[in-house]
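Here is my input, please return the structure:
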Amino acid sequence: MNYAPSWILIDTETTGLAKPIYPVDLAAQRMRGWERDGEPFRYLLNHGCEIPAEASRVNGYTREILERDGSAPEEVYREFAAYVGGLPVVAYNTSYDWDQVLLPEWRRLGLEPSGVRGFCSLQLAQRLLDPVPAGNCKLQTLRQYYRLSERGAHTALGDVETVIDLMQQVLRPLAEKRGLDTWAKLMGFLEGEWYPSRL
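Modelled structure (predicted):
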């Protein structure tokens, strides 16, 4: 891809959907265009709070695990800010990871946001795959349908790596087939009005 800027791909595992939502696992990978750029970032966070049983069943984290292996949130976000710099932050569901998890968390702790809100890679998948042959665009559904490597589902770093696999092996060829061969064209494609071919 011509002119491939840097950006950050993230994922969070959390205490669930009930507010307040606490992230318990935060991972990130600096990207340049479609490619990894350097080492990933990954921390467990210890908020000292109970983990609802339904969340623990999904991601496997308990209060005991986080008290043993987790770091103080302020320390994690200091490291995260240094990793991200001012780059755009992208997630597979940006409206959840950024809008519902990280922004409220930073407000709660009195911290400035790290980076700026980037695009949503779920929306990119929905548009490029339309009509979706796998039936839906859930990350693990697409991983299984396209026979991507198993990366540790419902761990933040595993899901980041699965999104990278999906982007490199499935979405990039589809984008290039559509003539989306520059980052500016890809962003224009994402920002344009879109209606799914099947509801």
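
Can you list the residue ranges for helices in the protein?
Along the chain, counting by DSSP state H, helices occupy 53-59, 63-69, 73-84, 94-96, 103-109, 121-129, 139-145, 156-166, 172-177, 183-191.

Name the stretch among those helices that sits most buried.
helix 156-166 (a mean of 23; mean count of other CB atoms under 10 Å). For every residue, glycine as well, the C-beta is placed using N, CA and C.

and for that helix, what are the contacting residues?
Residues outside helix 156-166 that contact it (CB atoms under 8 Å, 6 or more residues apart in numbering): 9-13, 25-29, 31, 36, 40, 42, 92, 121, 125, 139-140, 142-143, 146, 148-149, 151-153.

May I see the PyMOL selection of the buried members of the residues you listed?
Per 16 or more other CB atoms under 10 Å, the buried members of these correspond to this PyMOL selection:
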select buried, resi 9+10+11+12+13+25+26+27+28+29+31+40+42+92+121+125+139+142+143+148+151
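
on that earlier part again, and of the helices of the chain, who's closest to Ile21?
helix 103-109 (6.9 Å; CB to CB).

Pull that closest one out as CSV, backbone CA atoms only.
Once non-C-alpha atoms are left out, helix 103-109 reads as follows in CSV (Å, rounded to 0.1, in the frame of the first residue of the first chain):
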residue,chain,number,x,y,z
LEU,A,103,-12.6,6.8,27.6
PRO,A,104,-14.8,6.4,30.8
GLU,A,105,-11.9,4.7,32.5
TRP,A,106,-9.5,7.6,31.8
ARG,A,107,-12.2,10.1,32.9
ARG,A,108,-12.7,8.1,36.2
LEU,A,109,-8.9,8.2,36.8
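
residues making contact with it?
For helix 103-109, the external contacting residues (CB under 8 Å, 6+ apart) are 19-23, 73-74, 77, 112-114.

swap the cut-off to 7 Å and go again
Contacts to helix 103-109, defined as CB atoms under 7 Å, 6 or more residues apart in numbering, come from residues 20-21, 23, 73-74, 112-113.

Ok, stretch 128-137 next?
122, 125-126, 141-142, 145, 171, 174-175, 196-198.

now do stretch 25-42
1, 4, 6-13, 43-45, 59, 61, 76, 80, 83-84, 155-157, 160, 164, 167-168, 172, 183.

Could you give the bridge partners of the residue nearest the centre of the chain?
Taking CA atoms, centre = their mean, the centroid of the chain lies closest to Ala91, which sits 2.9 Å from it. Beta-bridge pairing of Ala91 under DSSP bridges involves Ile10, Cys120.

Spit out the contact partners of it.
Ala91 neighbours (CB under 7 Å, 6+ apart): 10-11, 97-98, 120-121.

Turn those into CSV, including pLDDT and distance to Val132.
What follows is the contacts of Ala91, written out as CSV (pLDDT from 0 to 100; distance: CB to CB, whole Å):
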residue, pLDDT, distance to Val132
Ile10, 98, 23
Asp11, 97, 21
Asp97, 97, 21
Trp98, 98, 23
Cys120, 96, 15
Ser121, 97, 14
